[in-house]
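Chemist: 3D model of this:
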Amino acid sequence: MKKYIVLSLLSCLVLANLEANELEYKGNIGIESSYIDHDIVGKRDKGNALRADLEFKQKTDNGQIVFNGKAIYDVDDKNRRYVDANDLYYKHEFENADLLIGRNTRFWGAMEFYNHTDAFNTKDWRDNPFDYDAKIGANNIAYTHYFDNSDLALIAKIGQERQRVQDQASVNNFLPANYSDDLQTQKGKNRPTLYLKYTGSAEETQFDYAVIYQNGYDEQRYLAP
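Modeler: Prediction:
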């Protein structure tokens with residue numbers, strides 16, 4: 001049996017909230033250090049990385065601009081040295097609707113570790129693979145209309161994200177050595193994927209539900225020979 005021991009050696013948190021000119025932001029900088037007790041040949045038993053996260057929201061007269069990004073520099077794993085903007089979009093707000101243009105992640109059901117029903121978000125395997133929120137943002141345009149206890153969204157997702165992984169010496173790399181992140185698709189990679197999503201809730205029974213129609217690619221990736 002594998003034993004996982006994670007040691008937090010240092011965490012330097014810088015949190016700030018500012019409301020000036022309708023601007024809000026927060027961020028943190030920290031050092032991730034871990035030791036993993038295992039008996040897998042060729043795999044590292046430790047890891048050290050510097051991580052920074054930043055979020056900000058700028059309100060405008062008719063909407064808001066949102067950014068949510070992270071930067072990771074892993075001392076041992078060159079594949080985990082990257083910067084990613086999970087959210088970078090403008091949302092224009094109407095009386096009972098909004099229009100979003102840009103890049104973001106979306107809530108698509110809640111399941112631990114891996115949500116096989118999530119047909120929108122791409123899993124970020126270079127980050128912590130056991131973190132449900134480790135996702136890669138997607139470029140999309142979405143119009144959402146709100147009712148009393150429900151909403152109807154029309155979403156056009158543009159492009160497919162590459163799914164990079166940690167290096168072969170990482171215990172979080174479960175793939176064969178010849179894995180390539182070159183994505184193969186039946187049609188063009190920039191073919192839009194359309195979603196029609198109706199979401200609602202029944203207040204009396206506290207029951208949430210969603211009905212989704214999709215036309216295009218999903219996020220169920222498979223290995224090709």
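Chemist: Would you confirm that G42 contacts S170?
Modeler: No. When contacts are counted by CB atoms under 8 Å, G42 is not listed as touching S170 (10.4 Å). All C-beta spots, glycine's among them, are computed from the backbone N, C-alpha and C.
Chemist: Of the two, which one has the most company?
Modeler: Comparing G42 with S170 by other CB atoms under 10 Å, the one with more neighbours is S170, at 21 against 7.
Chemist: For that one, which non-adjacent residue is closest in space?
Modeler: D77 (5.8 Å; CB to CB, 6 or more residues apart in numbering).
Chemist: next one: Q160
Modeler: Nearest to Q160 is K189, by CB to CB, 6+ apart, at 5.0 Å.
Chemist: Please tell me how far that neighbour sits from A224.
Modeler: In this view, K189 and A224 are 15 Å apart by CB to CB, to the nearest Å.
Chemist: again with Y146
Modeler: 41 Å.
Chemist: Specify the local secondary structure of A177.
Modeler: With DSSP: H, G, I helix; E, B strand; the rest coil as the basis, A177 sits in coil.
Chemist: Return the distance of the helix or strand containing Y90 from the chain's centre.
Modeler: Element membership of Y90 [criterion: DSSP states H and E] is strand 81-93. Between the centre of strand 81-93 and the centre of its chain there are 10 Å (CA atoms, centre = their mean, to the nearest Å).
Chemist: and if you look at stretch 26-36?
Modeler: For stretch 26-36, the distance from its own C-alpha centre to the chain's C-alpha centre is 18 Å (CA atoms, centre = their mean).
Chemist: May I see the buried residues of that stretch?
Modeler: Buried residues in stretch 26-36, counted by 16 or more other CB atoms under 10 Å: N28, G30, E32, S33, S34, I36.
Chemist: And stretch 211-225, by the same measure?
Modeler: Buried positions in stretch 211-225, judged by neighbour count with 16+ other CB under 10 Å: I212, Y217, E219.
Chemist: Name the residue closest to the centre of this protein, please.
Modeler: K135 (1.9 Å; CA atoms, centre = their mean).
Chemist: Please look at it and N104 and confirm they touch.
Modeler: No. K135 is beyond contact range of N104, at 9.8 Å (criterion: CB under 8 Å).
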